[in-house]
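Student: Have a look at this prediction, sequence included:
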Amino acid sequence: MSQPGYSGSLADYERAGGYQALRKVLGKVPPGDVTEMVKKSGLRGRGGAGFPTGVKWGFLPKDYQGPRYLCCNADESEPGTFKDRQLIERDPHQMLEGIAIACYAIGAETAYIYIRGEFVLGARVLEKALAEARAAGYIGRNVLGTGTTIEIWVHRGAGAYICGEETALLESLEGKRGLPRVKPPFPATHGLYGKPTVVNNVETLANLPHIVTKGPEWFASIGSPPKSTGTRLFCVSGHVKRPGNYEVPMGITFRELIYEHAGGMRSEKPLKAIIPGGASAAFFTPEHLDVKLDFESVAAAGSMLGSGGVTVMEEGTGMVWAAMKLLEFFYHESCGKCTPCREGSSWLLQTLRRIHAGHGRTADLATLTELCQNIAGRTVCAFGDAEIAPILSTLKYWRHEYEELIRQAEASRTPELVMPGRH
Amino acid sequence: MLREKYKNEVEQILNRYPVRRSAMLPLLNLAQQEEGYVSEAAMKEIAGILRVTPPQVYETVTFYTMLNLKPIGKFHIQVCKSLMCALIGSDALLGWLQGRLGIKAGETTPDRLFTISTVECLAACGTGPMMQVNDDYYERLTEEKVDRILADLKRDGTSALKSGPFMWPEPVKT
């Protein structure tokens, strides 16, 4: 993709060895063996949860007669994340080949690419690539003359973060409000239209052609095996010199990513805070710079690798403000299905706004903590746990900033009730 | 109206799904593309095509932020205000834009050319501050760039400053 002159056209992709992986497996390798290959590679979902891809495929019922579906999650909406957009717009055939391989492995004849509605250019690029791939016989009925049917359709969303949650995505694809479903049953058995369904992220699928071509052992040798194999696209944003997407082996440190790849801080101001994996991940401090960017290391340090969105903040950035900005996002995007999340996000935002505006009260910190405790684990999807991460982590590392704002507010406040004096 | 004007498109959309209701968002997007918003008439027509009730269409429309229930300006400017853009100046940019157009976010200019909205993350965090105008992204914005874009839009209906297929950092030129 980064080669000069590479346009992402079918001809360019084929010249770079494209669709050889599909030719290699289609009708030649049994679908179950493809799944085994992906399991062996150690590939884990690149959307956020990091679930092993081959294992996910393996959950589909073996003896089910009837349609199965693959959904490609291209609803990239996690603040701090902009990798799928690049994969879609610059190299659409790579993900289409990945989708075709996944369809073959799980026995799906139909795949839907659920792309966020704002990616109008991405949807156009995909439609054009699909037309090319159809004409060349890589998708459609009777793919490459093997008798296999693989139809791929682009389905545009219409603006809702929650539709990146896989069951909300399915609801939305069925033409309804994007409310996450209660699980179980899981999509593997009851997914799109109640049929066995796999939902995989764009980047996850884009890895498949390479795993097939170069072998699962090759893939498993990259990164920090055995749990975090392969490379990842990390999206660096915030106060760095060179923000952008960097594909690196998993397991490099935050220090290497931020100071070598992204060029370090944009000014003399030192680094103050890092969000390691999208807005849903707990904040890190400079003390975490030597944590490795792999699933286990980031989790062990108290956050998550999530979507790969790494946001860097410099000294001088208010952490109450940062948490408030993120809560504005979560409040806006809460789908409203579960009361703790719907009402909780509103209360959290109101409380944060009060503190930030200089009207905080001493009791507010206990209120924030209590609200977070009442949301954690009490919602249908992971959104509830996501929205409290910025608050709990900023309270943990920068509690003094909250306290100072509240102290100033209390000091400037005239007492509401004053004991009347006796005359 | 959709069925008359976009007969083929509607048929093609319906053919992609085994269940008609799945065509809801594609048809709503089509309706909005036609009128700039989703009118009551469009919702009723879509209900008929999908064989659902008009309230079922309405309840879906109200869930999705991209679907407008009221007419808006010719150019819908959506400025990202999420944390990642706010870190690198989206608040100041929004202020500049509002000053230039003389309206606040959520309002439309009297000549009905521009509507400003603030929106949450549009997945351009490494190239902020940014805004989307109708279908196009504009990134790494500065005050000068915004002025040029507004002038271009007024004059030509589009601007050469819009983003092409995304890659950042840009590939090294050899």
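Tutor: That came through fine. Numbers count the residues shown, from 1 in each chain, chains lettered A, B, ... in the order given.
Student: Give me the mean pLDDT for stretch A:320-327.
Tutor: On average, the pLDDT along stretch A:320-327 is 98.
Student: Can I get it in PDB? Just the C-alpha atoms.
Tutor: Output of stretch A:320-327 as PDB, limited to C-alpha atoms (Å, rounded to 0.1, in the frame of the first residue of the first chain):
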ATOM      1  CA  VAL A 320     -10.900  16.600  34.200                       C
ATOM      2  CA  TRP A 321     -11.500  18.400  30.900                       C
ATOM      3  CA  ALA A 322     -10.300  15.300  28.900                       C
ATOM      4  CA  ALA A 323     -12.600  13.000  30.900                       C
ATOM      5  CA  MET A 324     -15.400  15.400  30.300                       C
ATOM      6  CA  LYS A 325     -14.800  15.500  26.600                       C
ATOM      7  CA  LEU A 326     -14.900  11.700  26.400                       C
ATOM      8  CA  LEU A 327     -18.100  11.600  28.500                       C
END
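Student: what sits up against that stretch?
Tutor: Defining contact as CB atoms under 8 Å, 6 or more residues apart in numbering or on different chains, one finds that stretch A:320-327 is touched by A:79, A:273, A:279, A:283, A:313, A:345, A:348-349, A:352-353, A:355-356, A:387, A:390-391, A:394, A:398, A:401-402, A:405, B:81-83, B:86. Yep, even glycine has a C-beta here, placed from its N, CA and C like the rest.
Student: How far does that stretch sit from its chain's centre?
Tutor: With CA atoms, centre = their mean, to the nearest Å as the basis, stretch A:320-327 stands 20 Å off its chain's centre.
Student: same question, stretch B:116-126
Tutor: Here the centre of stretch B:116-126 is set off from its chain's centre by 11 Å, with CA atoms, centre = their mean.
Student: can you pull the pLDDT of B:T174?
Tutor: 53.
Student: Surely B:L67 and B:Y58 touch.
Tutor: No. With contact defined as CB atoms under 8 Å, B:L67 and B:Y58 do not form a contacting pair (10.4 Å).
Student: between these two, who's got more neighbours?
Tutor: Neighbour totals were compared for B:L67 and B:Y58, and B:L67 leads with 20 against 15 (other CB atoms under 10 Å in any protein chain shown).
Student: What backbone torsions are found at the more buried one?
Tutor: Dihedral pair for B:L67: phi -90, psi 120, per degrees, to the nearest 10.
Student: hey, where'd the helices end up in the stretch 151-300 of chain A?
Tutor: A:166-173, A:202-214, A:216-220, A:254-255, A:295-300 (DSSP state H, counting those that start in this stretch).
Student: whoops, chain B was the one
Tutor: With helices called from DSSP state H, chain B shows them at B:2-5, B:7-15, B:24-35, B:40-50, B:54-61, B:83-86, B:90-101, B:143-156.
Student: In the third one, which of the residues would be classed as buried?
Tutor: In terms of neighbour count (16 or more other CB atoms under 10 Å in any protein chain shown), helix B:24-35 has its buried residues at B:M24, B:L25, B:P26, B:L27, B:L28, B:N29, B:L30, B:A31, B:Q32.
Student: Without its sequence neighbours, what residue ends up closest to the last one?
Tutor: Right, the one you point to is B:Q32. Leaving aside its chain neighbours, B:Q32 sits nearest to B:V38 (5.3 Å; criterion: CB to CB, 6 or more residues apart in numbering or on different chains).
Student: looking at it, that neighbour is touching B:K70, isn't it?
Tutor: No. Counting by CB under 8 Å, B:V38 does not reach B:K70; the two are 9.3 Å apart.
Student: out of these two, which sits in the more crowded spot?
Tutor: Of the pair B:V38 and B:K70, B:V38 is the one with more neighbours under other CB under 10 Å, namely 25 against 10.
Student: At the geometric centre of chain B, which residue do we find?
Tutor: The centre of chain B sits closest to B:N134, judged by CA atoms, centre = their mean, with a distance of 4.3 Å.
Student: Please tell me how far B:Q12 sits from chain A.
Tutor: Distance from B:Q12 to chain A, counting by CB to the nearest CB, to the nearest Å: 10 Å.
Student: got a pLDDT number for that residue?
Tutor: Listed pLDDT for B:Q12 reads 96.
Student: cool, A:P4 as well?
Tutor: pLDDT, A:P4: 79.
Student: So it sits against B:M167, correct?
Tutor: No. Counting by CB under 8 Å, B:M167 is not a contact partner of A:P4; they are 11.8 Å apart.
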